[in-house]
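Q: have a look at this prediction, sequence included:
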Amino acid sequence: MNSNSVSQHIVLFEEAGQRLDNFLFRMAKGVPKTHIYRIIRSGEVRVNKKRADASQKIAEGDVLRLPPLRVSDIKKPTNDFISKKISGEVDILYEDDSILVVNKPSGIAVHGGSGVSLGLIEAMRAQRPDAKFLELVHRLDRDTSGLLMLAKKRSALVHLHEQIREGKMEKRYLLVVHGNLPVSGKSIPLKYPLLKYLLPNGERRVRVSADGGQPSHTNIRVKGVYHDGLCSLVEAQLKTGRTHQIRVHLQTYGHPILGDDKYGDQDLDKVLRPKRLLLHAKYLSFVHPKTEEKMVFEAPIPEAFEKFISD
């Protein structure tokens, strides 16, 4: 939460379902609860541009308006520290006055919150203190690496979201899955409806469900088989963009992704010992929101994949 100016926060899947006051307590640790309740009552905190009650449950995609807060007793990373961290770990592939495309490494969350104090979007904003607008166009799971796009203008964000809704933005992923899949030039459609739910401990997950699940479509193509058939390299193309879609679709297909601590097979992982989730956003194409030029980006294969596709 920015202490110097009004900021926005778009609620993530992992944050959804919390009361507004409890969410703010976690986001602004050290700020007196009385102050949190005061800014909610006064309307300084807004949910989707509307006043909200402290007890209101926030939902994924909600846009929160957050007022400036002074937190004198919290030691926060300085902008210089954040900039150094990002410059050393995130490759900026393209930037102009409308968009920013980066290659995100595995292990960096795209947004702060849910136990993560610093996310990529906060760090990028800190690097650009004069930027009036900087928002994520889409998201990647924390342990997924690869191409991520940010919008530097609201008009660009609206234009790019329209492309996503109309299926004009193409996203392809590389993944290594357990098991021997036949190599073929043909695409395999996976169409399993996905439903979000809560574990008994409150953790949010996704499962296949014909009852209430959202239509979801992933096309996969097998690129190679490795380690005597123990794993296969797969390319996946998203036709819809549901939370954890590729991970749950491959689990349901019977070939979970290596290193997946939520939807994978830990016993099989012990055999091949992946050091991370082997899921990488490798390809992104879209129409530039200002120039209308077709833009295409590819992110190189991470070193973690090399171990499994070099034999």
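A: Sure, I can see it. Numbers count the residues shown, from 1 in each chain.
Q: quick one, strands of the stretch 201-311 of the chain?
A: 204-208, 218-226, 231-238, 279-287, 294-298 (DSSP state E, counting those that start in this stretch).
Q: make JSON lines out of those and add mean pLDDT and distance to His138.
A: No exception for glycine: its C-beta is placed from N, CA and C like everyone else's. Shown next, in JSON lines, are the strands of the stretch 201-311 of the chain (pLDDT from 0 to 100; distance: least, Cβ to Cβ, whole Å):
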{"stretch": "strand 204-208", "mean pLDDT": "90", "distance to His138": "17"}
{"stretch": "strand 218-226", "mean pLDDT": "95", "distance to His138": "15"}
{"stretch": "strand 231-238", "mean pLDDT": "95", "distance to His138": "10"}
{"stretch": "strand 279-287", "mean pLDDT": "97", "distance to His138": "9"}
{"stretch": "strand 294-298", "mean pLDDT": "97", "distance to His138": "13"}
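Q: closest to His111 out of the ones you listed?
A: strand 204-208 (14.8 Å; Cβ to Cβ).
Q: contacting residues around that closest one?
A: With contact meaning Cβ atoms under 8 Å, 6 or more residues apart in numbering, strand 204-208 is reached by 13-14, 16-17, 192-199, 213, 242-245, 248, 252, 262.
Q: select only the buried ones of these in ChimeraX?
A: Those of the contacts of strand 204-208 that count as buried under 16 or more other Cβ atoms under 10 Å are selected in ChimeraX with:
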select :13,14,16,17,192,193,194,195,196,213,242,243,244,245,248,262
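Q: using JSON lines, lay out the strands of the stretch 201-311 of the chain together with distance to His178 and mean neighbour count.
A: Putting the strands of the stretch 201-311 of the chain into JSON lines (distance: least, Cβ to Cβ, whole Å; neighbours: other Cβ atoms under 10 Å) gives the following:
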{"stretch": "strand 204-208", "distance to His178": "18", "mean neighbour count": "17"}
{"stretch": "strand 218-226", "distance to His178": "11", "mean neighbour count": "18"}
{"stretch": "strand 231-238", "distance to His178": "6", "mean neighbour count": "22"}
{"stretch": "strand 279-287", "distance to His178": "13", "mean neighbour count": "22"}
{"stretch": "strand 294-298", "distance to His178": "26", "mean neighbour count": "13"}
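Q: how about those, which one is nearest Val183?
A: Val183 lies closest, by Cβ to Cβ, to one member of the strands of the stretch 201-311 of the chain: strand 218-226, at 5.0 Å.
Q: by contact count, what packs against the closest one?
A: Under the contact criterion of 3 or more Cβ pairs under 8 Å, 6 or more residues apart in numbering; DSSP states H and E, strand 218-226 touches strand 188-190, strand 231-238, helix 245-253, helix 303-309.
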